[in-house]
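Visitor: test case, fold it:
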Amino acid sequence: MAYGEVGAITRERILDAALAIASTEGLSALTTRRVAQKAGVNVGLLHYHFGSKEKLLEETLRRFGEEMRLLFERMFVEHAHEAPEEKLVAMLVSAFETARLRPGLVFGFLARIATALADGALPKDDGGGLLLPELPTVVILRSILEERIFPLLALHLGDDQELVKRRAFQVMTSIFHPLLFATQVVPFFGIDLSTREGRVGYVRSVVKDALAR
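Guide: Here you go, the predicted structure:
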């Protein structure tokens, strides 16, 4: 095996380890020593591939975001011949099922954007209500919205772009925010996310509300 291939495999193993830790414990648990230990490499090798802890964090979030983007793409293709509403449901159910297994990453993804905004490291919007693509995670989120969510919503809501954007925001927050609440809190609001049937029903209600004129 060529040296470059070995390096690529090692890099992926490190990222896999970082994703596994961050998925359940959040980004704060990503120390270089702990990730290196889980990946079975020394800390020096981790720094060789990523340079710093900050770069590792960035790449971990990029990898998670890219997995979500590819998931949306795959579900869009698999449900290509279904009605727009069913496409939305299929994509969002798959995203929710994936994200619920990685609550730490979802929290980290949202917290990183919020922190960047608070620190002034990311412009609040481009005048059209969307975050500018300064962070890799924002680039991916924006591509999912613009390429998959906006067009399907527009088929029902028409050419009112502000309405489409607001409904897209409602959809995304409604899908991901329940993951950040304790399991004891969500049922208090009459939402049952403990079974797949309950999760599908919840997503369908979110989509129905988003498409209502």
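Visitor: can you map out the helices along the protein?
Guide: In the chain, the helices defined using DSSP state H lie at 3-25, 32-39, 43-50, 53-78, 84-99, 103-118, 136-144, 150-157, 161-176, 196-211.
Visitor: which helices and strands does the third one pack with?
Guide: Packed against helix 43-50, as judged by 3 or more CB pairs under 8 Å, 6 or more residues apart in numbering; DSSP states H and E, are the following elements: helix 3-25, helix 32-39, helix 53-78. (Each C-beta comes from the backbone N, C-alpha and C, glycine too.)
Visitor: report the buried residues of the last one.
Guide: Within helix 53-78, the residues scored as buried using 16 or more other CB atoms under 10 Å are 56-65, 68-69, 71-72, 75-76.
Visitor: with the second one instead?
Guide: Buried residues in helix 32-39, counting neighbours by 16+ other CB under 10 Å, are found at Thr32, Val35, Ala36, Ala39.
Visitor: can you list the domains in the chain?
Guide: 1-51, 61-211 (automatic domain parsing).
Visitor: export these to JSON lines and tack on mean pLDDT?
Guide: Below are those laid out as JSON lines (pLDDT from 0 to 100):
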{"stretch": "domain 1-51", "mean pLDDT": "88"}
{"stretch": "domain 61-211", "mean pLDDT": "82"}
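Visitor: with adjacent residues omitted, what lies nearest to the spatially most central residue of the chain?
Guide: Most central in the chain under CA atoms, centre = their mean is Gly65, positioned 4.9 Å from the mean C-alpha point. With CB to CB, 6 or more residues apart in numbering as the criterion, Gly65 has its nearest non-adjacent residue at 3.6 Å, and that residue is Ile140.
Visitor: ok, now which ones touch Leu180?
Guide: Pro103, Val106, Phe107, Leu110 (CB atoms under 8 Å, 6 or more residues apart in numbering).
Visitor: and the last one, how far from Phe176?
Guide: The one in question is Leu110. Per CB to CB, to the nearest Å, Leu110 is found 7 Å from Phe176.
Visitor: next, count neighbours for Gly51.
Guide: Residues lying near Gly51 (other CB atoms under 10 Å) number 11.
Visitor: ignore the last one, Leu101
Guide: 11.
Visitor: how about the one 3 residues further on?
Guide: The number of residues packed near Gly104 is 21, by other CB under 10 Å.
Visitor: gap between the closest residue to it other than its chain neighbours and Leu110?
Guide: Leaving out its chain neighbours, the residue that sits closest to Gly104 by CB to CB, 6+ apart is Gly26, at 3.8 Å. Separation of Gly26 from Leu110 (CB to CB) stands at 11 Å.
Visitor: quick one on the thing from earlier: so which of the helices of the chain is nearest Phe188?
Guide: helix 196-211 (14.3 Å; CB to CB).
Visitor: and the angle for the closest one with helix 150-157?
Guide: 70 degrees (axes from the mean of the first three to the mean of the last three CA atoms, to 10 degrees).
Visitor: now helix 196-211: buried residues?
Guide: Neighbour counts over helix 196-211 (16+ other CB under 10 Å) mark Arg199, Val200, Tyr202, Val203, Arg204, Val206, Val207, Ala210, Leu211 as buried.
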